[in-house]
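Student: got a predicted structure plus its sequence, pasted below:
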Amino acid sequence: MKIIVFGANDLGAMIASEFYTDNDITVIDDEHNKSDVFNKLDVSFIAGNGSNIEVLKLADIKNADVFIACTQSDELNIVACLTAKRISTVKTMCFVRKEEYKSSLGLTKDAEYNFDFYIDNIIWPEELMMQEIFRIITVAKALDVENFADGKARLLEYKIAKNSVLVNCMVKNCEFPKDTLIVGITRNGKLFIPNGDTVLHVEDKVIFMGLSNSLDILAGKFFHEKEFVKTVTIIGGGNVGLKLAKNLEALKLRLKIVEKDAKRCDYLAQELSNSLVINGDGTDLELLNEEDICSSDVVVSVTNNDEKNLLCSLLVKHMGAKRVISRVSKTTNVALFEKVGIDIAISSRTAALNEIKNNIRDTNIGILATVEQGRGEVLVIELSENYETKKIMDIRFPVKAIVGVIQRRNRIIIPNGVTQVMGGDNLIIFTTSENAPIIREFFEEN
């Protein structure tokens, strides 16, 4: 596949690094914007502006499959995508940082008011990250939450606590509810796919897939005993904090939002109907004590500064906060945040990369989600109608993978070894990221 990336910044470098081994990558940008990472990648580089027709022609836009605009300028990204679409049939993906460009410009194909040319995908990374934080908040003590099949099936990730009845228990003896499966375990930083004889250890991060109602039963039985999230504090009242607060208000949760800028606080108070807006600094210990921030079921730090998010998160964690979620801008910082004790660190760039992966697929195989900082992937496989019916146990995967969900028309099935797979089924499969290409190739050949 031929992919053109307009933007030689850190985000462009992350995209190029992800795709260059299996694709033909051309990067466009001014030379002075070029990140050092590109010197280590086997990609072509064209100096210039990606909204310039002559530069796009030089990049062979007419033969490109995907054009991704990810510069620091929303307006430049939009113009570049519209220009590329005007002179070619390339699939366009446009990164924006302002909500109005995502929601109200009518630049996408299905917009009410449309142009003769349009942008195929507008990606607002902060919105994707907010949605991920929202999903995690709504499930007590979960480290990760992903919804599949219109919410009928889910992925949940939990950590095994010291006092858990699951400690030193074999998977096959755990008596998990019907229609749930363990599909992955992360132990000492390494993700692996377990079998029935695998013994669960303290601090294991265990990934489950299953029907949503069955996972609710599992969570109540083993992880939070009917505990529900009732109170949330958000540190940072920017776009992410505001949008997250609006979504949480809809669930009737008790909210506090801490914002340093007084004018922004006035705006937040106007926009939010049932949240306590506090003008102050999330690193102020006196403020945190006075407002009893650490009594919240969840504290979320979503300022636009990694260092401040880390400090805020460490302070509230040290003061006794039950569960702390932190926004991370630099993907390389995610592991650091979790290593020093932050419960969950989430990167907007990782969420955006997942969106790209799923939207550039040109086969019957896509990526629904990644977990554990990209170590695991959830794939969706659309089987052809003439696929030979066979039992799960008779599908001989070349590497370890688990079929976690089968979507058969309107029916959702959590399979076992004797469950039959039929033509037209959609399979949701969990595997490690290193094995994901092998699984894709396996289904492309079968």
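Tutor: Here it is on my side, so go on.

Student: which strand or helix spans the residue nearest to residue 405 when sequence neighbours are not counted?
Tutor: Counting by CB to CB, 6 or more residues apart in numbering, residue 405 lies nearest to residue 428, which is 3.9 Å off, once chain neighbours are set aside. For glycine as for every other residue, the C-beta is placed from the backbone atoms N, C-alpha and C. Here residue 428 sits within strand 426-432, counting by DSSP states H and E.

Student: mind listing what's buried in the helix or strand that that strand is followed by?
Tutor: Using DSSP H and E, the helix or strand that follows strand 426-432 in sequence is helix 436-445. Using 16 or more other CB atoms under 10 Å as the test for burial, helix 436-445 gives 436, 439, 440, 442, 443.

Student: try stretch 204-221
Tutor: Of all the residues in stretch 204-221, those buried under the rule 16+ other CB under 10 Å are 204-212, 214-219.

Student: from the chain's centroid, how far away is the helix or strand hosting residue 85?
Tutor: Using DSSP H and E, residue 85 sits in helix 74-87. Here the centre of helix 74-87 is set off from its chain's centre by 26 Å, with CA atoms, centre = their mean, to the nearest Å.

Student: tell me the first helix or strand C-terminal of that helix.
Tutor: strand 91-95.

Student: that following strand - what's its average pLDDT?
Tutor: Taken as a whole, strand 91-95 has an average pLDDT of 93.

Student: helices or strands up against that strand?
Tutor: On a contact count with 3 or more CB pairs under 8 Å, 6 or more residues apart in numbering; DSSP states H and E, strand 91-95 meets strand 66-69, helix 74-87, strand 121-123, helix 348-359.

Student: report the angle between that strand and helix 348-359.
Tutor: If you take axes from the mean of the first three to the mean of the last three CA atoms, to 10 degrees, strand 91-95 sits at 170 degrees to helix 348-359.

Student: got the angle between strand 91-95 and helix 74-87?
Tutor: Using the same axes, to 10 degrees: strand 91-95 against helix 74-87 is 170 degrees.

Student: re the thing from before, export the helix holding residue 85 as CSV, just CAs?
Tutor: The C-alpha trace of helix 74-87 is given here as CSV (Å, rounded to 0.1, in the frame of the first residue of the first chain):
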residue,chain,number,x,y,z
ASP,A,74,-5.8,22.1,11.6
GLU,A,75,-6.4,24.5,8.7
LEU,A,76,-3.4,23.2,6.8
ASN,A,77,-4.4,19.6,7.3
ILE,A,78,-7.9,20.3,6.0
VAL,A,79,-6.8,22.2,2.9
ALA,A,80,-4.2,19.5,2.1
CYS,A,81,-6.8,16.7,2.4
LEU,A,82,-9.3,18.6,0.3
THR,A,83,-6.7,19.3,-2.3
ALA,A,84,-5.5,15.7,-2.4
LYS,A,85,-9.1,14.6,-2.8
ARG,A,86,-9.7,17.1,-5.6
ILE,A,87,-6.9,15.7,-7.8
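
Student: show me what it is in contact with.
Tutor: 4, 6-7, 49-53, 56-57, 61-62, 67, 69-71, 90, 92-98, 101, 105, 107, 115, 117-120 (CB atoms under 8 Å, 6 or more residues apart in numbering).

Student: return the set of buried residues in that helix.
Tutor: The neighbour-count check on helix 74-87 (16+ other CB under 10 Å) flags 74, 76, 77, 78, 79, 80, 81, 82, 83, 84, 85 as buried.

Student: before we move on, what about stretch 82-102?
Tutor: 82-85, 88, 90-96, 101-102.

Student: same thing with stretch 163-174?
Tutor: For stretch 163-174, a neighbour-count test (16+ other CB under 10 Å) marks 164, 166, 169, 171, 174 as buried.

Student: that older thread, in a markdown table, list the buried residues of helix 74-87 along with distance to residue 253 and pLDDT.
Tutor: Below are the buried residues of helix 74-87 laid out as a markdown table (distance: CB to CB, whole Å; pLDDT from 0 to 100):
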| residue | distance to residue 253 | pLDDT |
| --- | --- | --- |
| 74 | 31 | 93 |
| 76 | 39 | 95 |
| 77 | 35 | 95 |
| 78 | 35 | 93 |
| 79 | 40 | 94 |
| 80 | 40 | 96 |
| 81 | 37 | 94 |
| 82 | 40 | 92 |
| 83 | 44 | 94 |
| 84 | 43 | 95 |
| 85 | 42 | 91 |
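
Student: which of those residues sits closest to residue 326?
Tutor: Nearest to residue 326 out of these is residue 74 (CB to CB; 25.4 Å).

Student: measure the closest one to residue 95 for me?
Tutor: According to CB to CB, to the nearest Å, residue 74 stands 8 Å off from residue 95.

Student: same check on residue 39?
Tutor: Plainly put, residue 39 is 23 Å away from residue 95 if you go by CB to CB.

Student: start to end distance for stretch 24-36?
Tutor: Stretch 24-36 has an end-to-end distance of 19 Å (criterion: CA to CA, to the nearest Å).
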